[in-house]
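1. Okay, structure incoming, though there's no sequence with it:
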């Protein structure tokens, strides 16, 4: 890595024949200003909601380690924003400064996601959650509106019910003009049996709704609304400090892999729920988790289908077992106790466990898989994966020899500028290019990674997405070639 990273980023961009799109940068919302603006936008309810949403991490950090262990509360991030690099800290706080520095960073166009707002869609109170997301979306739209030719913000869309999601989608799109949305997922819901049988305990035990398969709600109206509004949904959900990432003492233990874990749960849920089958006009983006999990999931989906599709399941159907032949083999090889049990027909029907009373034995029934090619249509073409610059596993997405059926997955560049893991914003583009320098990507792969895949993600759903931006002409060429 050059010590002259700023010059390197500009020089690198000048050598390229294509723009660079950052599909996932972050701003560091300045809380005092946000509180002031939320009061103007949403009154006391919005301010109360902001206080509620802002309290979780400080409450955790203010506990003793012993108390976090007693409550099984995860260690949260401290010192999360850059301080040594004051210019970068100011850049994350001030949209105008980010706009002026984009060329220094080697970026042509940038989509900005929240930092503090990443978890706002999870606020339990319906009234406060909806007021919080509404105020945030108005605030973000106002802050970035002057810079829309190069920077656009993402709206937060709560998903506790399809109705609230549709209402906020309508508002964000039609009233605010926002065309990037971050949908909630892994929504905490009460377990009905506990609510009915143990109401006092029910508030302490929840399940996580991944909004695809087995949800209490039918979210098809939300996907239909996104299709109508021509918005490609994206997910920037985390699974930090819950389930298997819940160390009271170690933030990195909780942080490593949590975006990938949350993204996999949602991607798998949407796939098995048949969402990509019913809504082929939509693309779905999963941010900041990298692409390694996606390559693994893709291979696993195909591998399981080969063994568990309805026809293949017959290979394990207890009714097809040749019991007389098994008795003959047992007479020759089994110990006496096993032989007698086999003769009686015991232990040969999965211990009588049955099939779980499911309506269709084929787990892929909602996807209507007819052959391997369907995985290309329903997974590879529909899913996009945000990857940070310093992740060498990004190359896996482009390796046709490593992925089943010679697939290339849609990895796109997601810088994560504004957060602790980017100590110098000017290094992200050169760092991403190291995959080319190391022979892991070629120039065409890098073009797809840093430009064309982002264009296709948003532009296939909304051909006018890049209209009025500095990359309008080049994006139109990509979309025309795709068509």
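-> All right, it came through fine. Because the structure is predicted, anything quoted here is derived from the model rather than measured. Numbers count the residues shown, from 1 in each chain.

2. where does this structure have low pLDDT?
-> Applying pLDDT under 70 to the chain flags the ranges 1-6, 350-353.

3. can you pull the contacts of the residue nearest the centre of the chain?
-> Geometric centre of the chain, nearest residue: residue 286, 3.0 Å, by C-alpha atoms, centre = their mean. Residue 286 sits next to 234-235, 263, 266-267, 294, 383-386 when contact means C-beta atoms under 8 Å, 6 or more residues apart in numbering. The C-beta positions use only the backbone N, C-alpha and C, and glycine is treated the same way.

4. Relative to residue 366, how far out is it?
-> Remark: distance between residue 286 and residue 366 (C-beta to C-beta, to the nearest Å) = 20 Å.

5. From residue 268, how far off is the residue nearest to the centre of the chain?
-> Using C-beta to C-beta, residue 286 is found at 11 Å from residue 268.

6. what do you get for residue 156?
-> 23 Å.

7. So for these two, which residue has more residues nearby?
-> The residue with more neighbours, out of residue 156 and residue 268 and counting by other C-beta atoms under 10 Å, is residue 156; that gives 27 against 17.

8. Remind me what the helix or strand where the more buried one lies packs against, helices and strands.
-> Per DSSP states H and E: residue 156 is located in strand 155-157. If contacts are counted by 3 or more C-beta pairs under 8 Å, 6 or more residues apart in numbering; DSSP states H and E, strand 155-157 sits against helix 126-144, helix 162-170, strand 181-183.

9. Tell me which residues are up against stretch 76-86.
-> Contact partners of stretch 76-86, identified using C-beta under 8 Å, 6+ apart, comprise 28, 56-57, 60-61, 88-89, 92, 115, 240-241, 251, 254-255, 418-420, 422-425.

10. now swap in stretch 325-332 and tell me
-> 338-339, 342-343, 348.

11. Quick check: which element contains residue 152?
-> Assigned by DSSP H and E, residue 152 belongs to strand 151-153.

12. helices and strands around that strand, which ones?
-> Under the contact criterion of 3+ C-beta pairs under 8 Å, 6+ apart, strand 151-153 touches helix 95-105, strand 109-113, helix 126-144.

13. With distance to residue 449 and mean neighbour count as added columns, please give the ones you listed in JSON lines.
-> Shown next, in JSON lines, are the helices and strands packed on strand 151-153 (distance: least, C-beta to C-beta, whole Å; neighbours: other C-beta atoms under 10 Å):
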{"stretch": "helix 95-105", "distance to residue 449": "16", "mean neighbour count": "18"}
{"stretch": "strand 109-113", "distance to residue 449": "15", "mean neighbour count": "24"}
{"stretch": "helix 126-144", "distance to residue 449": "25", "mean neighbour count": "22"}
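
14. out of the ones you listed, nearest to residue 354?
-> In this view, the helices and strands packed on strand 151-153 are compared for proximity to residue 354 by C-beta to C-beta, and helix 126-144 is the closest at 39.6 Å.
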